[in-house]
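Colleague: Fold the following.
(chains A and B)
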Amino acid sequence: MTSAKEAAPIIQLKDVSKWYGTRDKPVHALAETNLNIAPGELIVLLGPSGCGKTTLLRMIGGLLDPTSGRIEVSGKDLWRNGERQGEAVADLGMVFQDAHLFPWFTIEENIALPLKLRGVSRGERRDRAQELMDLVKITGFEKRWPKELSGGMRQRAAIARALSYDPSILLMDEPFGALDAMTRDSMNVELQRIWQKTGKTIIVVTHSISEAVFLADRIVLLSPRPGRIDSIYDVKFPRPRGLDVQTSPEFQALVKTLRHRLSEVE
Amino acid sequence: MTDDVITPTTERSDKTKYLPWVTTPALALIFLAAWHYYTKISGISAFILPTPWAVWDVWKGMLASPRAWDHTLVTVYSTLLGFFFGAVVGIGLGLIIGRIRWLEATLNPFIIATQVIPKVALIPLFVVWFGFGMTSKVLVAAILSFFPILTNTVLGVKSVETGHRDVMISLNASRLQTFFQLDFRNALPYIITGMEVGIVLAIIGTIVGEYLGGSAGLGYVLVSEMNSYQTDGLFAVIIHMTILGFVFYFATGLLRRFLIPWHQSAEM
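Modeller: Below you'll find the predicted structure:
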């Protein structure tokens, strides 16, 4: 996986910044930021609240337009004259803190919704949904309503939905933040498995240090007021990582370093 | 793994679940008995309050007479027609102004005006314009029923979660796709609630229309019973209308099961 860094970046941020609010009372959410992300990398954006990590992710996801700078996805401009470029967006899949499944669709229909929007035939949609449900391990729940599933399973379905149209990049905004600690651990193991199986580029936003260290190839630590990249850490534990890795001294040491740095920037 | 447990849906205990099947008829019986004994004991004139049995007899006679069914059909038809127009305008307008704030602000005074005008006062005007036929009462039914459908539709469109919108944006959905897959479906439970209120108002509108300017329909029968001092007949027509109202109300409620099986309210 480490050799991927030498390949051409799949996401490029060039002097990207964001200001919120009115002319009288502007808020500097993110200072000029530069970052290259290689294909197949698993990047974690870590930082305290107000550090602009979600703002950054939403700009990469095309939900927010940057005040200045350029974002390139697979070599294509994401924003042009304040307009989102559909071509670039098609390469992005988003997962939010809440699953945001549509309650009026069954699990299967939810997963296949992006394909429906793309005009894929019903039979093909069902096949693809089946495949994805196997991947995220929720087979057997095709015809259930979202409300009948637990939080963890709903989030699995949300991941399947984001993968349905096979984007090369998965953006996840505190994807397991609403889950209990045990579910969260197992979901992180699952995410690693899905990532290794699909070879997607994944960007995860979190404020959990141990989650960041467990998942990441690289941790991008952000600091607040204004949000900006403070430091970047390579995480070299071999894959696949089991939950046991968390008890190793190297893991603990990195957690400690990050915690120390976070308390300084906060 | 703790995450593959299905969250149990709360179920009412069996004891109380079927209780209303007994308590509701019991309450109805108590009411009828009280009515019956009151007329016996107080010796009240049958012109003021007939006994339940007298009303029952007249109603049975009504059900056997084809003329009464003709009037019923006229009322049913006018109600449904008025409701249909009210629903089409209410849902259509609601879906549009729910998404376009300035349009809502522009139209709001006019929409409220249609509601604060005493509708009954419009009926003579409608009669002048459209005569004593169907049109006047259908119009009244439509005007009465459209408002709750409109306000509920607007509420339904406005209550779309921002998270759901974000999903549609991240999927690069077109406006039309977002409308059909998100806005409309989100509004549907609200629309049905509005329709439940609307259908009842449509019946009221039709019947009021019938007794102010008509020669057919249950409202007209009501007035002619009154004019001939047939109090038991009056009661029979009221009961007839009430049952009609029940049928309409539950038919509308049934839409829940078919249109929004996913919604909490569909579990009865």
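Colleague: who's in contact with the closest residue to residue A:184 other than its chain neighbours?
Modeller: Here the nearest residue to residue A:184 in space, its sequence neighbours aside, is residue A:176; by C-beta to C-beta, 6 or more residues apart in numbering or on different chains that works out to 4.5 Å. The way it works is simple: take the backbone N, C-alpha and C, and place the C-beta from them, glycine included. By C-beta atoms under 8 Å, 6 or more residues apart in numbering or on different chains, the contact set of residue A:176 is A:155, A:183, A:184, A:187, A:188, A:211.
Colleague: Residue A:132 now?
Modeller: Applying C-beta under 8 Å, 6+ apart to residue A:132 gives the contacts A:111, A:160, A:163, A:164.
Colleague: do residue A:17 as well
Modeller: If a contact means C-beta under 8 Å, 6+ apart, then residue A:17 has A:28, A:30, A:31, A:32, A:33, A:66, A:67, A:68, A:69 as its contacts.
Colleague: quick one: low-confidence ranges for the chain?
Modeller: Went with chain A since none was named. The model of chain A has pLDDT under 70 over residues A:1-7.
Colleague: that answer is for a different chain, and I need it for chain B
Modeller: Using pLDDT under 70, chain B drops low at B:1-15, B:267-268.
Colleague: what does chain A put close to chain B?
Modeller: For chain A, the residues in contact with chain B (C-beta under 8 Å from any C-beta of the partner chain) are A:61-63, A:84, A:86, A:89-90, A:92-94, A:96, A:98, A:100, A:102-105, A:113-114, A:116-117, A:145, A:147-153, A:156, A:179-180, A:182-183, A:186-187.
Colleague: Repeat the analysis, applying 6 Å as the threshold.
Modeller: Those residues of chain A that sit near chain B, judged by C-beta under 6 Å from any C-beta of the partner chain, are A:61, A:63, A:86, A:89, A:94, A:98, A:100, A:103-104, A:114, A:117, A:145, A:148, A:150, A:152-153, A:182-183, A:186.
Colleague: In helices only, show me the residues you listed.
Modeller: Counting by DSSP state H, the residues of chain A next to chain B place A:86, A:89, A:114, A:117, A:152, A:153, A:182, A:183, A:186 in helices.
Colleague: Using neighbour counts, trim the residues of chain A next to chain B to the buried set.
Modeller: A:61, A:63, A:89, A:94, A:98, A:100, A:103-104, A:114, A:117, A:145, A:148, A:150, A:152-153, A:183, A:186 (16 or more other C-beta atoms under 10 Å in any protein chain shown).
Colleague: Just the closest of the contacts of residue A:132 to chain B, please.
Modeller: Nearest to chain B among these is residue A:164, at 9.5 Å by C-beta to the nearest C-beta.
Colleague: who's in contact with the closest one?
Modeller: A:111, A:114, A:115 (C-beta atoms under 6 Å, 6 or more residues apart in numbering or on different chains).
Colleague: what's the answer for residue B:173, then?
Modeller: The contact partners of residue B:173, by C-beta under 6 Å, 6+ apart, come to residue A:117.
Colleague: ok, residue B:235 touching residue B:55?
Modeller: Yes. With contact defined as C-beta atoms under 6 Å, residue B:235 reaches residue B:55; the gap is 4.3 Å.
Colleague: and the next element down the chain from the helix or strand harbouring residue A:111?
Modeller: Secondary-structure element containing residue A:111, defined by DSSP states H and E: helix A:107-117. Moving toward the C-terminus from helix A:107-117, the next helix or strand (DSSP H and E) is helix A:122-135.
Colleague: Buried residues of that next one, list them for me.
Modeller: A:125, A:126, A:128, A:129, A:132, A:133, A:135.
Colleague: Quick check: chain neighbours aside, which residue is closest to the last one?
Modeller: Right, residue A:135. Counting by C-beta to C-beta, 6+ apart, the residue nearest residue A:135 is residue A:194, at 6.4 Å.
Colleague: what do you get for residue B:193?
Modeller: The shortest distance from residue B:193 to any non-neighbouring residue, by C-beta to C-beta, 6+ apart, is to residue B:152 (5.3 Å).
Colleague: ok, the one you found - contacts?
Modeller: Residues in contact with residue B:152, defined by C-beta under 6 Å, 6+ apart, are B:190, B:193, B:194.
Colleague: Doesn't it lie inside a helix?
Modeller: Yes. Assessed with DSSP: H, G, I helix; E, B strand; the rest coil, residue B:152 lies in a helix.
Colleague: I'd like the distance between it and residue B:72.
Modeller: Applying C-beta to C-beta, to the nearest Å, the value for residue B:152 to residue B:72 is 29 Å.
Colleague: Also residue A:170?
Modeller: Distance from residue A:170 to residue B:72, by C-beta to C-beta: 62 Å.
Colleague: of the two, who's got more company?
Modeller: Remark: of residue A:170 and residue B:72, residue A:170 carries more neighbours, 23 against 19, as counted by other C-beta atoms under 10 Å in any protein chain shown.
Colleague: Where does the more buried one sit: helix, strand or coil?
Modeller: Criterion first, three-state DSSP; result for residue A:170: strand.
Colleague: What distance do you get for the residue in the stretch 151-266 of chain A that chain B sits nearest to to residue A:162?
Modeller: Of the residues in the stretch 151-266 of chain A, the one nearest chain B is residue A:152, at a distance of 2.6 Å by C-beta to the nearest C-beta. Noted for residue A:152: a distance of 16 Å to residue A:162, by C-beta to C-beta.
Colleague: got it, and residue B:153?
Modeller: Taken as C-beta to C-beta, the span from residue B:153 to residue A:162 is 31 Å.
Colleague: now residue B:161
Modeller: 18 Å.
Colleague: out of these two, which sits in the more crowded spot?
Modeller: residue A:162 (26 against 14).
Colleague: Which residues does the closest residue to that one other than its chain neighbours form beta bridges with?
Modeller: Among residues not flanking residue A:162 along the chain, residue A:93 sits closest, at 3.3 Å (C-beta to C-beta, 6+ apart). Counting by DSSP bridges, residue A:93 forms beta bridges with residue A:170.
Colleague: For residue A:93, give me its contacts.
Modeller: Listed by C-beta under 6 Å, 6+ apart, the contact set of residue A:93 reads A:162, A:163, A:167, A:170.
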